Each structure stands twice: as structure tokens, then as C-alpha cells.
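A.B. asks: With the input below, show me the fold.
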Amino acid sequence: MSRSSIKEVIKNVQQRIDDYRDRNARITNEITMLSLNATIEAARAGEAGRGFAVVATEVKHLAGQATEASRELGAIGEETSELERQFTEKECDRLSEMAQTLVQLIVRNLFERTADVRWWATDEALVHGLKSLARPALHHASERLGLINRFYSIYLNLVLVGVDGTILACSQPSKFPRIVGADGSKLPWFQKAMATMRGDEYVVDNIYYDPLHEGKLVAVYAAAVRKEGRIDGEVIGVLGVVFDWEHQSQTIVQKEALISEEAWKRTRVMLLDKGLRIIAASDNQEILQPFMLNHQGRQRGFYVNSGHEVVAYAKTIGYQEYDGLGWYGVIVRKNR
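C.D. replies: As a prediction, this is how the structure comes out:
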């Protein structure tokens, strides 16, 4: 039996108990009135009504038993209500655990991106291309990026940028023909990467719609390319790896959540960034719009919002040295 079926059974039992209590209360009242009337009539009849008085007393006794039965039904009803409350709380806690699992899945995936960009930024072909700036060297760098991208299809593009912000090479020049030669100097990830102090540092930009990549939703990780590939070498450019965020994140919020077909009809799964913007949603609606998450500073939990929906959430705990950027997994479920 599914969780939703168990909850329905509990609700049905509670409803039946309430119905029985109401009916029993009405019967008790009627018996009590009957007993009272019988007692009055017996008193009027005097000696002739003595037997009738005995019956009235027994009826009164039955009314007392009915009242006690009603109290017992009330106690059972309270126990059933407590069982339903505990079940609901356990189910909500399960949803917050699921939210934690989902956000950790994407965070672990993105941790690997931080390793990719730092490793590839030391590639000899990229270092030589930025040092030389000659067309053959940059062509070779582009070919090298294309080869890497072929084996890492989660990326839309790999972009090599000169110190002045000009995009000099990329892995997908035929797919994005206007990329090479474009000005990337104002891109936040480029500026942050240029300001890094060591070759083992990386930067990551907020999720955004990228006009350079046909308006696709992307996450960009970047690292400075340094002279001779040395960790303390002079910065000679920047490598940006453009992660296909929409496709990868939709896989997490739509396919990784263990939710029944029936429950999906009233459930929404989301990922939020540190600023509580929706960066992925199972219905793919309101992307990059703010979400009013009432987390009250807690890492994980649940609450019922003004629309009587359960909101379960969990903040990432990061993965290894990657802090997870303060992202949240959120599951919103409507009541039946």
C-alpha cells in the first residue's frame, strides 16, 4: 500500500469515528430524554408506576453506557488524529530529505566542473595559443577545445578569452559562429577569473540566459590561463566552460525525484540559488524569478504556506572543497 493510500485510510477511519460519535451523541440524548420522561410518568402513577420506574432506571443506565462509549470513541478519534499528524510529519520530513538528495546530486556534478576548468586551463595548446596569438596557434587551441568538448558533451561550449576580453577560440565555432571575435570583457566570470591570484582557483557565475549562446540557460565556470601553465604564472587569458544548465538541471528536478505518478500532479520540484531565485523547476516555469522560501535560517525543514501547500526544503552541504554556492532543493506539494 502506498503512502498516499495509507493516509487516505487514516482519514477515512477518522471520518467514520466522527460520524459514529455524532450518531451516538444523538441517540444518547434521545435515551436520556426518554428516561427523564419515564421517571416523571412513573412518579405521577404512584404505586402503579413502580415497575415503570424500574424500566426508567434501566434506560438511564443505558444512557450512561452510551455516554461512556462516546467518550471512548472520542479517545480513539484523538489517537487516530495523532497518528495522522505523525504520518504527515514523517512524510514532510521525507520530502525534505529528497530535496537534500536532489540538490546534492547537482552540487556533486558541478564540483567536477571546477576540476575540469582548472585542469584544462593548463593545457599546452591553450597556453601556447594565448602566448602566441598567431592564427595557427589559436586554430590549434580551438581544435583542442573541440576534442575535449566531444568527450564532455555536458558543455555547450568551451571558450578561450584573451586578456583584453576578446574571445579568441572556442570548441563549437560552427554551432556558434559569432562567438569568436566577440567582446567578453564585461562578462562577470571573465572579470573574476582575471582577478584570481593562483592557478588552482576558479570562479563560477550565476545562472543566466547567455546571448552569446542563443539565449540558452547556462552555468559558466572559469579559470585563468597562466604563462607556462604554472600555478603562480602571469595571467595570459581565461578559459570559460559553458555548462548546459537547462538540460542537466531538468534531468535532476524531473527524473531523479522519487515521486509517484499521482503525487506528481500536485508536486513541484525546484532548485534555488543563494539569492532564492528559481534556477530549475520541474514545470520549467518562473525561471530566474524569486521564490519566497521561509527557511528561517535552518539548513533543512518544512512548513505549510499561505496556500496550504507543504514546502519542504534543504540547503546544500557542499561537496569536498566545493561549498555548493548556498543553493537549495525545494519540493512544494499541494494538499488533496
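A.B. asks: Ile259 versus the closest residue to Lys334 other than its chain neighbours, what's the distance?
C.D. replies: Leaving aside its chain neighbours, Lys334 sits nearest to Arg266 (4.0 Å; criterion: Cβ to Cβ, 6 or more residues apart in numbering). C-beta coordinates here come from the backbone N, C-alpha and C atoms, glycine included. Note on Arg266: its distance to Ile259, by Cβ to Cβ, to the nearest Å, is 10 Å.
A.B. asks: Could you do Ile278 as well?
C.D. replies: For Ile278, the distance to Ile259 - Cβ to Cβ - is 18 Å.
A.B. asks: When the two are compared, which one has more neighbours?
C.D. replies: In this view Ile278 and Ile259 are compared by other Cβ atoms under 10 Å, and Ile278 has more residues nearby, 21 against 18.
A.B. asks: So for that one, what's the pLDDT?
C.D. replies: Ile278 carries a pLDDT value of 98.
A.B. asks: That one in helix, strand or coil?
C.D. replies: Using DSSP: H, G, I helix; E, B strand; the rest coil, the structure places Ile278 in strand.
A.B. asks: Quick check, it in contact with Val269.
C.D. replies: No: if you go by Cβ atoms under 8 Å, Ile278 and Val269 don't touch, sitting 10.8 Å apart.
A.B. asks: From the opening residue of stretch 145-164 to its closing one, how far?
C.D. replies: End-to-end distance of stretch 145-164: 20 Å, with Cα to Cα, to the nearest Å as the criterion.
A.B. asks: average pLDDT for that stretch?
C.D. replies: 97.
A.B. asks: Going forward, count from 423.
C.D. replies: Got it, first residue is 423 now, which makes that one stretch 567-586.
A.B. asks: Pull out the buried positions in stretch 521-533.
C.D. replies: 521-522, 524-529, 531-533 (16 or more other Cβ atoms under 10 Å).
A.B. asks: hey, C-alpha coordinates of that stretch in PDB?
C.D. replies: Taking C-alpha atoms only, stretch 521-533 is exported to PDB below (Å, rounded to 0.1, in the frame of the first residue of the first chain):
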ATOM      1  CA  ALA A 521      15.200  17.900  -1.500                       C
ATOM      2  CA  GLN A 522      18.600  17.400   0.100                       C
ATOM      3  CA  THR A 523      19.400  14.500  -2.200                       C
ATOM      4  CA  LEU A 524      18.400  16.400  -5.300                       C
ATOM      5  CA  VAL A 525      20.500  19.500  -4.500                       C
ATOM      6  CA  GLN A 526      23.400  17.300  -3.500                       C
ATOM      7  CA  LEU A 527      23.200  15.500  -6.900                       C
ATOM      8  CA  ILE A 528      23.600  18.700  -8.900                       C
ATOM      9  CA  VAL A 529      26.300  20.100  -6.500                       C
ATOM     10  CA  ARG A 530      28.400  16.900  -6.800                       C
ATOM     11  CA  ASN A 531      28.000  17.200 -10.600                       C
ATOM     12  CA  LEU A 532      29.200  20.800 -10.600                       C
ATOM     13  CA  PHE A 533      32.100  20.000  -8.300                       C
END
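A.B. asks: Show me the contact partners of it.
C.D. replies: 626, 641, 643, 665, 670-671, 674-675, 678-679, 691, 693, 702, 722, 734-742, 744, 746-747, 749-753 (Cβ atoms under 8 Å, 6 or more residues apart in numbering).
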